[in-house]
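**Student:** return a 3D structure for these sequence lines:
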Amino acid sequence: MDFFGRQDWARKRTRWLVTLFVLAVIALVLAVNLGCYLAVKVGAPMLLTDYDIQVGGFVSWMLSKAGLVVSLVTVLVIGLGSGINWLRISGGGKDVANLVGARRIAADSKDPDERRLINIVEEMSIASGTPVPALYVMDHETGINAFVAGLNQQDTVLVVTKGALQTLNRQELQGVIAHEYSHILNYDMRLNVHLLGVLAGILLIGQLGEFIIRHIRFSGRRSNDKDSGGGVLAIILLGVALLVVGYLGLFFGRLIKAGVSRQREFLADASAVQFTRDNSGIAGALAKIQSHSGQSLLMNAHAEDMSHMCFGESVKVQMSGMLSTHPPLPERIKALGFSPEVLVRQQLRRQQEQAEAEVKAASVATPKAAAPGFNMPGADVLAPAAIMASIGTVQPEQLAQAEALLETIALDLHQLAHDRRQVAMLLIALMLHRQPIDKTLQPLLAKTLNDEQRQRLPALCDEVNQLQPEPRMALLNLCKLAVQELDKLQKQQLLQALLGIARQDQQISLAEFIQYTLVRQWALPKQHKGPTLSRFTQVQQALVTVLGTFVFCCGEPGRNPEKVEQFRQALSSFELAGEQALPERFEAVAFDEALDVLDRLSPLLKKPLLATLTELTLADNQVSVEERELLRAIAERLNCAMPLLPKQA
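**Tutor:** Coordinates of the predicted model:
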């Protein structure tokens with residue numbers, strides 16, 4: 001199954017989750033009614049005044065007014081619990097991180113462990129073509145664990161425990177991060193967030209039972225009314241019944257989470273090995289969890305809610321063979337090719353002796369000074385099918401490419417990209433790109449930059465202009481975390497300044513469009529795209545716009561008979577009728593709006609679209625920097641992670 005198939009599977013899995021939720025609600029409604037019926041029958045039989053109920057028993061109870069009221073209240077309680085929890089996390093990954101009390105890691109953090117995490121994540125994101133996720137740490141958690149959350153790749157967060165940062169070496173931490181990136185690329189994170197919201201209502205029933213029992217105990221000490229004994233007994237029995245039903249809800253919740261989560265953990269472990277070509281890193285992390293005093297357990301109040309999202313088990317469960325959200329650690333280690341009892345311990349001992357001093361020190365080290373140039377390793381011949389197959393995956397060669405890219409960027413530029421106070425200046429310098437700082441721009445710059453930054457800007461422009469195109473794009477992507485740390489006004493001022501620069505020559509270029517739309521996505525991510533579109537006939541005009549613009553921009557921008565024929569063939573592959581003219585220039589606004597429409601396509605329809613664009617890119621057996629970045633930018637807008645591409649095909 002390729003990336004698009006996995007995305008479609010995740011979307012269908014969400015519908016399957018809704019079905020399971022409905023079945024669980026029906027079971028809980030029946031259980032609550034049974035508890036109420038037995039509580040009244042045992043504790044206050046005089047309340048069963050309806051002759052049909054007395055004769056017909058539980059079935060008649062379900063059909064009576066009392067049964068209907070209990071059913072309605074149960075459904076409302078479950079819906080209320082799920083609704084409230086969904087509102088708390090409706091903002092996506094950031095809301096989930098806040099729910100568990102995680103602290104956001106500053107992009108310019110000086111903490112060595114946090115700096116190491118940032119470096120690993122940036123390398124993985126640049127290699128895979130995914131936006132850099134916001135990073136959080138759970139400072140009070142000593143167990144070794146991590147999770148990702150988000151509704152799409154733009155709002156994804158990656159949360160790690162303090163124990164993971166302090167206990168794992170770089171190799172092991174990279175294995176854990178690669179595991180979590182598999183969940184991002186497979187869209188498991190979206191399903192996990194939906195599961196988090198849905199199951200809250202099921203668990204609320206048990207919490208209601210606990211509240212009733214505590215209230216009766218307290219009020220019982222203050223009441224000597226013997227006549228109310230039967231009613232009190234009935235209420236106590238009701239509370240006990242709800243508590244029992246609550247545990248039944250917990251059982252259903254864990255069963256659903258186990259069914260959704262367990263097999264995906266094996267797949268994510270295997271993907272981590274594929275990404276890094278190193279099975280010892282993630283195996284070492286699992287072995288450390290096994291021997292760690294706190295293992296991967298969380299002390300957080302939401303540990304149970306988050307159990308299906310985490311790298312390792314966050315809570316201990318009974319009947320772990322049925323209800324555990326993760327395979328047993330020995331099985332995961334064995335699946336990676338190690339003996340849990342012998343080989344992993346020996347390997348960890350060697351890692352402690354060799355890697356701790358060398359690998360960790362190298363990972364914490366700041367980026368190197370700018371290298372004289374950049375040559376992308378592994379630029380093998382690729383066919384369109386190979387590029388399409390690479391979407392949603394990461395190869396070790398691409399990680400090496402990302403590391404090489406980052407090493408060509410000077411230390412001072414790295415620091416500016418991670419500093420929220422300086423990132424606007426760097427982005428403006430990147431947008432100017434050999435353009436003069438026109439006087440008409442000064443009012444916009446004055447709103448965004450202080451006097452010192454405006455004086456420094458010309459020298460910074462000279463420095464970034466010396467970068468080759470690949471490192472320029474890598475540097476741009478490093479700015480995401482710092483941009484997200486800006487407040488609302490600062491984000492608006494930055495976007496106004498970038499748009500003003502792009503428009504100063506009355507025409508937005510392709511490079512300016514790519515940079516502006518990327519920064520806009522970071523600053524103002526869209527939460528709601530609209531309903532999914534399942535037919536190309538629903539997006540005909542958007543297809544014409546995107547295909548025409550892409551053909552126009554590929555190679556030497558312009559129009560010629562060869563491009564007109566390429567455009568005609570591209571349209572025919574989507575059975576688009578009628579004569580369509582190739583654009584005469586790059587229309588940024590129309591292109592932007594068309595991409596928004598195409599982002600609503602189902603995953604299986606995005607695949608032929610990207611395949612066609614890839615074939616157009618490789619039509620001349622050459623892939624220019626501009627073509628590569630345009631293709632990757634479109635893929636990112638469509639929430640499809642396209643990894644680094646070679647120069648030749």
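**Student:** and the next helix or strand past the longest helix seen in the chain?
**Tutor:** Longest helix in the chain, counting residues (DSSP state H): helix 229-276. Later in the chain than helix 229-276, the nearest helix or strand by DSSP states H and E is helix 279-291.
**Student:** check contacts around the most centrally placed residue in the chain.
**Tutor:** Closest residue to the average C-alpha location of the chain: Thr156 at 3.4 Å, with C-alpha atoms, centre = their mean. By C-beta atoms under 8 Å, 6 or more residues apart in numbering, the residues touching Thr156 are 92-93, 130-131, 133-134, 148-150, 184, 189. For every residue, glycine as well, the C-beta is placed using N, CA and C.
**Student:** same thing but at 7 Å, please
**Tutor:** By C-beta atoms under 7 Å, 6 or more residues apart in numbering, Thr156 lies in contact with 93, 133, 148, 150, 184, 189.
**Student:** which parts of this protein are strands?
**Tutor:** 103-104, 134-138, 146-149, 157-161 (DSSP state E).
**Student:** got TSV for these, with mean pLDDT and distance to Glu615 too?
**Tutor:** As requested, these are exported to TSV (pLDDT from 0 to 100; distance: least, C-beta to C-beta, whole Å):
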stretch	mean pLDDT	distance to Glu615
strand 103-104	97	41
strand 134-138	97	35
strand 146-149	96	32
strand 157-161	97	34
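**Student:** ok, which of these comes nearest Gly281?
**Tutor:** Ranking the strands of the chain by proximity to Gly281 (C-beta to C-beta) places strand 146-149 first, at 13.6 Å.
**Student:** from the contact counts, what lies against the closest one?
**Tutor:** Counting contacts by 3 or more C-beta pairs under 7 Å, 6 or more residues apart in numbering; DSSP states H and E, strand 146-149 packs against helix 93-99, strand 157-161, helix 170-185, helix 188-220.
**Student:** and stretch 497-515, C-alpha only, in PDB?
**Tutor:** Extracted in PDB, the C-alpha atoms of stretch 497-515 (Å, rounded to 0.1, in the frame of the first residue of the first chain):
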ATOM      1  CA  ALA A 497       5.700  42.900   4.500                       C
ATOM      2  CA  LEU A 498       6.400  39.700   2.400                       C
ATOM      3  CA  LEU A 499       3.400  40.400   0.200                       C
ATOM      4  CA  GLY A 500       4.400  44.000  -0.300                       C
ATOM      5  CA  ILE A 501       7.900  42.900  -1.400                       C
ATOM      6  CA  ALA A 502       6.400  40.300  -3.800                       C
ATOM      7  CA  ARG A 503       4.200  42.900  -5.300                       C
ATOM      8  CA  GLN A 504       6.700  45.700  -5.700                       C
ATOM      9  CA  ASP A 505       7.300  44.900  -9.400                       C
ATOM     10  CA  GLN A 506       3.500  44.400 -10.000                       C
ATOM     11  CA  GLN A 507       4.000  40.700 -10.600                       C
ATOM     12  CA  ILE A 508       4.400  37.900  -8.000                       C
ATOM     13  CA  SER A 509       7.000  35.400  -9.200                       C
ATOM     14  CA  LEU A 510       6.900  31.700  -8.700                       C
ATOM     15  CA  ALA A 511       9.700  31.700  -6.100                       C
ATOM     16  CA  GLU A 512       7.900  34.600  -4.200                       C
ATOM     17  CA  PHE A 513       4.600  32.600  -4.300                       C
ATOM     18  CA  ILE A 514       6.200  29.500  -2.800                       C
ATOM     19  CA  GLN A 515       7.900  31.400   0.000                       C
END
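**Student:** avg pLDDT for it?
**Tutor:** Averaged across stretch 497-515, pLDDT comes to 89.
**Student:** give me the buried positions along it.
**Tutor:** Buried residues in stretch 497-515, counted by 16 or more other C-beta atoms under 10 Å: 497-502, 504, 508-515.
**Student:** now the two most distant members of these.
**Tutor:** Checking those with C-beta to C-beta, the most distant pair is Ala497 and Leu510, at 19.6 Å.
**Student:** can you tell me how far Ala590 sits from Val551?
**Tutor:** Going from Ala590 to Val551 by C-beta to C-beta, to the nearest Å gives 15 Å.
**Student:** between those two, who's got more neighbours?
**Tutor:** Val551 (25 against 16; other C-beta atoms under 10 Å).
**Student:** the residue lying closest to that one once chain neighbours are set aside: neighbour count?
**Tutor:** Of all residues not flanking Val551 in the chain, Phe567 sits nearest, at 4.6 Å (C-beta to C-beta, 6 or more residues apart in numbering). If you count neighbours by other C-beta under 10 Å, Phe567 ends up with 22.
**Student:** do you know how far the nearest residue to Gly249 once chain neighbours are set aside is from His302?
**Tutor:** Counting by C-beta to C-beta, 6+ apart, Gly249 lies nearest to Ile202, which is 4.1 Å off, once chain neighbours are set aside. Remark: distance between Ile202 and His302 (C-beta to C-beta) = 15 Å.
**Student:** between those two, which one's more packed in?
**Tutor:** When neighbours are counted by other C-beta under 10 Å, Ile202 and His302 differ, and Ile202 comes out ahead with 26 against 16.
**Student:** that one against Ile78, yeah?
**Tutor:** Yes. Counting by C-beta atoms under 7 Å, Ile78 is a contact partner of Ile202 at 6.2 Å.
**Student:** any residues in contact with both of these two?
**Tutor:** The contact lists of Ile202 and Ile78 share Leu28, where a contact means C-beta under 7 Å, 6+ apart.
**Student:** noted, bye for now.
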